[in-house]
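> the following block contains a protein sequence and its predicted model.
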Amino acid sequence: MSTHELLPEPYKIKVIEPIQAISRAQRQAAIDAAGYNTFLLRSDDVYIDLLTDSGTNAMSDSQWAWMMVGDEAYAGSRSFEHLRDAVQQVYGYRYVVPTHQGRGAEHILSKCLIRPGCVVPGNMYFTTTRLHQELAGGTFVDVIIDEAHDPDSQHPFKGNVDLEKLEKLTLEMDISKIPYITIGAPVNMAGGQPVSLENLRQVSEFCRARGIRVVLDAARAIENARLIQEREADQAGRPVKDILRDMCSLTDACTMSAKKDAFANIGGFLAVNDEGLFEEAKNLCAVYEGLHTYGGLAGRDMEALAQGLREAVERDEWVAHRISQVRYLWENLKERGIPLVHPCGGHAVFVDARRFLTHVPQSHYPAQSLSAAIYLDSGVRGMERGIVSAGRDPETRQEHEPELELVRLALPRRVYTQSHLDFVADGLRKTWLRRDEIPGLKFVFEPRYLRFFQARFAPIAAKARGGKREAALARGKQG
Ligand code: PLI
C-alpha cells in the first residue's frame with residue numbers, strides 16, 4: 001500500500017466486467033504465440049490492460065442512455081447535430097466533420113492541405129499523424145524543445161515548441177510549402193508531456209503572421225488543460241473548460257481521436273474554422289469515411305461521444321482524478337526504483353527501457369522486449385514506444401532511432417482501481433529484479449506501415465549474447 005495522494009473516484013461503479021489472471025506458463029505460451037508483440041495478445045490472456053487509453057474507457061450511465069436514442073438515419077441524423085453542437089460548445093471551432101476515429105481526420109486533413117514537397121512541422125511525431133502526412137507527399141519536421149527527448153529533464157512543459165527551430169525552418173523553406181503545424185497537446189510520444197498556454201500563444205502569433213495554420217491534435221487536450229491549470233502560474237484556479245477554449249482559440253483547426261478525453265469507445269472528428277477547408281473536408285469525408293452526417297459512426301456512437309464531451313468538461317474532478325491516478329502509479333513505480341520519464345505526464349506512465357535493460361542495445365529493441373517481459377511476469381499489458389514505433393524513413397528505409405526508448409503503461413479512464421495500480425507497481429518490481437535475464441529481440445516479420453501494430457519478434461539467441469540465464473529465457477524455460 002502506498003501513501004501517495006490519490007483523489008477519490010468522482011463516481012461509483014454500476015456495471016463490472018470480470019477479469020482473470022492466467023498462469024505464468026500460459027502467459028509464456030501466449031507471448032510466444034504473439035511474436036513478443038503485446039498488440040498480438042488476446043485480451044482474454046491479459047490481466048491488467050494498460051496497452052492504451054484509447055477507446056478503452058468506461059462510459060457513464062448518461063452516455064449509455066443517450067445511445068438508446070441515437071438517430072441511425074443515413075442522412076441528416078439529429079445525433080450528428082448533437083455531436084456538432086457539443087464540439088462547438090466545448091472546443092469552439094465553427095465546422096465539424098465526423099470521422100470513425102482520429103486517423104480518419106488526419107487522413108482527410110492531410111489530403112486537403114499537403115502536396116508533394118510540403119513540410120509539416122510538429123512537436124514530436126505521432127505514428128498515424130506522420131504516416132498520413134507522408135502518404136500525402138509531405139515530410140514531418142520535429143520542432144519540439146530538446147528537453148522533450150531527455151527522460152530526466154524536469155521541464156514542466158516538455159511538449160513546447162522550440163520557436164527558434166520553427167523560425168529556422170521558415171527561413172530555410174518556401175513558406176508556401178508549410179501548410180500547417182501540428183501541435184500535440186499533450187505529446188503522447190514524449191511521455192504525455194503538456195504544452196503551455198504561453199508557448200501556444202507564441203506559436204500562434206508566429207504562424208498567423210506567416211499564413212501557416214495551427215492544427216491542434218486534441219485527443220487529450222482536456223488533460224493538457226488540466227496540466228496547464230496545475231503547472232502554469234497565471235492559470236491556477238481557472239476552470240479546465242476555459243483553458244481548453246483558450247487553447248483552441250489559438251489554433252485554426254483540430255484533429256480529434258474522441259476515444260480518449262471524450263470517454264467514448266469509438267469516434268473522432270475534424271473541426272475547422274475555415275469554410276473553404278470545411279467544404280473540401282466534408283466532400284472527402286463522403287469518399288473515405290461515410291456521409292458528412294455520420295462519418296463512419298453509428299448515430300448511437302455520436303450520442304455517446306457528444307455526452308462524453310459535455311461530461312468531460314462539466315466538472316474538473318473528472319480530469320483531476322484521472323491524472324491523479326496516473327501520478328499515483330508513477331510515484332509508486334518511482335519508489336520501487338523503476339526508471340521513468342520525468343515529470344509524470346497526463347495519460348500514462350512511461351518506463352525508460354534504456355535504463356531498465358542497460359545490456360540491450362537499441363538495435364535489439366529493448367522497449368519491445370521489456371513490454372513482453374512485463375506481461376510475462378504479471379499479466380500487465382503495456383506497449384513499446386521507442387525504435388519499433390518510430391519505424392523507418394519512407395525514402396531511405398533506414399530506421400529512425402529516437403532518443404526515447406520507452407514502455408508505455410496507459411490508464412484507461414474510469415476502469416481500474418487503486419489496488420489494480422498497486423498490483424501493476426508490484427509486477428514491474430518483479431521484472432526489475434530479474435532485468436539482467438531479459439533478452440533483446442530481432443524482427444521475424446516487419447509490416448511496411450505502422451509496424452509496431454503487427455510486427456513479430458523472436459528473442460535473440462543467448463549464444464550470440466552470452467549468459468546462461470539468457471539462454472534459459474530464450475528457450476522459454478524460465479517460467
Ligand atoms: O487511434 P485514432 O485513430 O483514434 O487516433 C490517432 C491518434 C492521434 N493522435 C494522438 C495523440 C493519439 O494518441 C492517437 C492515437 N493513439 C493511440 C491509439 C494510443 O494508444 O495512444
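The structure has been received and is ready for your questions.

> contacts, neighbours, all on C-alpha from now
Fine.

> quick check: the residue in the stretch 151-300 of the chain positioned nearest to the ligand vs residue 407, distance?
Proximity of the stretch 151-300 of the chain to the ligand (CA to the nearest ligand atom) peaks at residue 257, 4.0 Å away. Separation of residue 257 from residue 407 (CA to CA, to the nearest Å): 21 Å.

> okay, the two: which has more neighbours?
The neighbour comparison of residue 257 against residue 407 (other CA atoms under 10 Å) goes to residue 407, with 31 against 28.

> which residues touch the more buried one?
By CA atoms under 8 Å, 6 or more residues apart in numbering, the contact set of residue 407 is 350-353, 367-368, 370-371, 382-386.

> check residue 188 too.
Listed by CA under 8 Å, 6+ apart, the contact partners of residue 188 are residue 126.

> packing partners of the helix or strand residue 431 falls within?
Element membership for residue 431 (DSSP states H and E) is helix 418-433. Other helices and strands packing on helix 418-433, by 3 or more CA pairs under 8 Å, 6 or more residues apart in numbering; DSSP states H and E, are helix 316-335, helix 366-378.

> go through the helix or strand that comes right after it and flag the buried ones.
Using DSSP H and E, the helix or strand that follows helix 418-433 in sequence is strand 441-445. Across strand 441-445, burial judged by 16 or more other CA atoms under 10 Å covers 441-443.

> columns pLDDT and distance to residue 265 on top of those residues, output as TSV?
Formatted as TSV, the buried residues of strand 441-445 follow (pLDDT from 0 to 100; distance: CA to CA, whole Å):
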residue	pLDDT	distance to residue 265
441	98	33
442	98	33
443	98	32
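
> now the residue of the stretch 151-300 of the chain closest to the ligand, nearest residue through space, not along the chain?
Of all residues not flanking residue 257 in the chain, residue 102 sits nearest, at 3.7 Å (CA to CA, 6 or more residues apart in numbering).

> was I right about the one you found contacting residue 258?
Yes. If you go by CA atoms under 8 Å, residue 102 and residue 258 touch, sitting 7.0 Å apart.

> overlap in contacts, these two.
Common contacts of residue 102 and residue 258 (CA under 8 Å, 6+ apart): 219, 267-269.

> please tell me how far residue 206 sits from residue 197.
From residue 206 over to residue 197 (counting by CA to CA), the distance is 14 Å.

> name the residue in the two with the higher neighbour count.
For residue 206 versus residue 197, neighbours defined as other CA under 10 Å are more numerous around residue 197 (23 against 16).

> so which of the buried residues of strand 441-445 reach the ligand?
The subset of those within reach of the ligand, by CA under 6 Å from any ligand atom, is empty.

> in TSV, list those along with distance to residue 331.
Shown next, in TSV, are the buried residues of strand 441-445 (distance: CA to CA, whole Å):
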residue	distance to residue 331
441	29
442	33
443	34
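
> which residues of the stretch 201-350 of the chain lie near the ligand?
So the stretch 201-350 of the chain meets the ligand at 217, 219, 257, 259 (CA under 6 Å from any ligand atom).

> which of those tops the neighbour count?
Neighbour tally across these (other CA under 10 Å): the maximum, 28 neighbours, falls on residue 257.

> so it touches residue 218, yeah?
Yes. At 7.3 Å, residue 257 counts as touching residue 218 under the criterion of CA under 8 Å.

> if we can go back for a sec, out of the shared contacts of residue 102 and residue 258, which sit inside helices?
Using DSSP state H, no member of the shared contacts of residue 102 and residue 258 sits in helices.

> report the contact partners of the residue in the stretch 301-450 of the chain that the ligand sits nearest to.
Closest residue of the stretch 301-450 of the chain to the ligand, CA to the nearest ligand atom: residue 410 (7.7 Å). For residue 410, the contact set (CA under 8 Å, 6+ apart) comprises 50-53, 347-349, 382.

> so what does the helix or strand where residue 303 lies touch, helix or strand wise?
Per DSSP H and E: residue 303 is located in helix 299-314. Helices and strands touching helix 299-314, by 3+ CA pairs under 8 Å, 6+ apart, are helix 61-68, helix 78-90, helix 240-249.

> from the contact counts, what lies against the last one?
Pointing back at helix 240-249 there. Contacts defined by 3+ CA pairs under 8 Å, 6+ apart place helix 240-249 against helix 78-90, helix 197-208, helix 221-231, helix 299-314.

> compute the inter-axis angle for the first one and helix 240-249.
Here helix 78-90 runs at 90 degrees with respect to helix 240-249, directions being taken by axes from the mean of the first three to the mean of the last three CA atoms, to 10 degrees.

> restricted to strands, list the contacts of residue 410.
348-349 (DSSP state E).

> and the contacts of residue 410, which two are the farthest apart?
Largest separation among the contacts of residue 410 by CA to CA: 347 and 382, giving 12.7 Å.

> quick check: phi and psi at the most centrally placed residue in the chain.
Central residue of the chain (CA atoms, centre = their mean): residue 188, 4.5 Å from the mean position. Dihedral pair for residue 188: phi -60, psi -50, per degrees, to the nearest 10.

> what score does it have for pLDDT?
Looking at residue 188, its pLDDT stands at 97.

> cool, residue 249 as well?
Confidence score, pLDDT, at residue 249: 98.

> contacting residues for it?
Residue 249 neighbours (CA under 8 Å, 6+ apart): 92-93.

> next: residue 46.
Here residue 46 is in contact with 20-22, 375, 379-381 (CA under 8 Å, 6+ apart).

> if we use 7 Å, what do you get?
21, 379-381 (CA atoms under 7 Å, 6 or more residues apart in numbering).

> please apply the same query to residue 301.
Taking CA under 7 Å, 6+ apart, one finds 67, 266-267 in contact with residue 301.

> spatially nearest residue to residue 386 (excluding sequence neighbours)?
Nearest residue to residue 386, sequence neighbours excluded (CA to CA, 6+ apart): residue 405, at 4.1 Å.

> again, but for residue 35
residue 456 (4.3 Å).

> separation between that neighbour and the ligand?
Separation of residue 456 from the ligand (CA to the nearest ligand atom, to the nearest Å) stands at 19 Å.
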